[in-house]
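Visitor: Quick one: sequence plus predicted model below, questions after.
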Amino acid sequence: MNKRPHISWSEANQAHLAREFARLRARFPSAHEAEPEEPDGGFPREYLDSPPAIERLASLFGLSPFERDVVLLAAGVELDSELAAFTSEALGRERSGAITFSLALATLSDPHWSALAPNAPLRRFHLVEIETERGLTTAPLRIDERILHYVAGVNVLDPRLEVLLQFKGHPHWIADRHRTLALETIAAFEPGLEQPPLLHLCGDDPLGQEDIASLMAVNAARQLYLLRAENVPASAAEIDQFIALWSRESLLLPAVLLVQCGSSALSVSTRRLVERLPAQLILASRDPLRLDRSTACLTISPNSSASAPKPSRRSVQPSYRATAQPIPTVFGISAVRLRVRALKIWRNASSLRPPGPTWSCPTRKRRSSISSLRRPAIA
């Protein structure tokens, strides 16, 4: 029996891409005139611990075999010089890093016109970009840069969203009642929901809201990103672009978005965003808000018991049970300020940690146990 070689997922993914590009090259007439290719020596697909990036992409967005090959062909002209030469010759133009839909229809298997419809996955999720002003079938068609990196095995947040969002890792420490609430509301992140409900965390404990959202994301094997209300794009066109990009990111990373409103009322742009975003979403504010969307509301307060989520009239989700005890003030200092000061003390103590095995901190042990639940996204 052949022993399985020790290879990384990235190496196996690259080998899988090379075989796929070779398969596409064979569909061009020029390939038959060229010298026979040597075996690529790639690793069998079963050596991959998780699916190749292109297969995962096809599964996430429900791509047909033809749509999957369109993405591969568009990626191939960027990553494979021979495939780029074959496509340029077929199009009768200089290399431009682009294909056309007419070339895809004529070259790939099982073609169908609906693949390029605006509501089909290729254009709806911006997997490819097309210059429609030059004609739908003859216009240059390119793979989106974010998708190109993903197919090549690099999965990072779209740079167009980096300026608006802030990554939130798992909390260094978290109150027991917040841990309980996070575990009891994890049903809101169940996969497969066509229209996932919006989880609304309200109350005067913004740090507690962050902790609950973060722990929910960790237990759901997702990343958490924060969007402050003041950073929400103002124009309708920018909001629509954000919705399209984040809807894609929520699947690719995968990730959950926490929109923080604080004590401010919902602006028109923020309301438009939270009511239209199809991805799973958490909204945090001081006061309860009325929204035209299925919503489960959970009140988080540092000086009183947290109340169970209260579904809105449009909500179809079951109510959740919350069990928490009130946290009193100490020497007239509110619980929120105590949490901030305790976190500063913990961080300062960590920076002064002496070398060697003598350091012992229960908080670090709890943090390690939490981080072990977090599964990394696809490499």
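Guide: Arrived safely, thanks for sending.

Visitor: Can you give the strand pairings for the top strand by length along the chain, parallel or anti for each?
Guide: Secondary structure assigned by DSSP state E gives strand 255-262 as the longest strand of the chain. Using DSSP bridges, the strands paired with strand 255-262 are strand 223-228 (parallel), strand 281-285 (parallel).

Visitor: mind giving me the domain ranges of this structure?
Guide: The record's domain split for the chain, according to automatic domain parsing, is 9-152, 166-327.

Visitor: The first one - what's its average pLDDT?
Guide: Taken as a whole, domain 9-152 has a mean pLDDT of 88.

Visitor: cool, the longest one as well?
Guide: Predicted confidence along domain 166-327 averages 81 (mean pLDDT).

Visitor: And stretch 218-229, what's buried?
Guide: For stretch 218-229, a neighbour-count test (16 or more other C-beta atoms under 10 Å) marks 218-220, 222-229 as buried. Placement of C-beta: from N, CA and C, glycine included.

Visitor: Compare the domains of the chain and give me the one nearest residue 158.
Guide: domain 9-152 (4.7 Å; C-beta to C-beta).

Visitor: That closest one spans what distance, first to last residue?
Guide: Chord length of domain 9-152, first to last residue, is 11 Å (C-alpha to C-alpha, to the nearest Å).

Visitor: which residues in the stretch 1-150 of the chain form helices?
Guide: Secondary structure of the stretch 1-150 of the chain (DSSP state H, counting those that start in this stretch): helices located at 9-25, 29-33, 53-61, 65-79, 81-91, 101-107, 121-124, 145-152.

Visitor: Pretty sure residue 156 sits against residue 149.
Guide: Yes: applying C-beta atoms under 8 Å, one finds residue 156 in contact with residue 149, separated by 7.1 Å.

Visitor: When these two are compared, which one has more neighbours?
Guide: Between residue 156 and residue 149, counted using other C-beta atoms under 10 Å, residue 149 has the larger neighbour count: 16 against 13.

Visitor: so that one makes contact with residue 159?
Guide: No: under the contact definition of C-beta under 8 Å, residue 149 does not touch residue 159, with a separation of 10.1 Å.

Visitor: number of nearby residues for residue 82?
Guide: Residue 82 has 16 neighbours, counted by other C-beta under 10 Å.

Visitor: Pretty sure it sits against residue 26.
Guide: No: applying C-beta under 8 Å as the test, residue 82 and residue 26 come out as separate, 10.9 Å apart.
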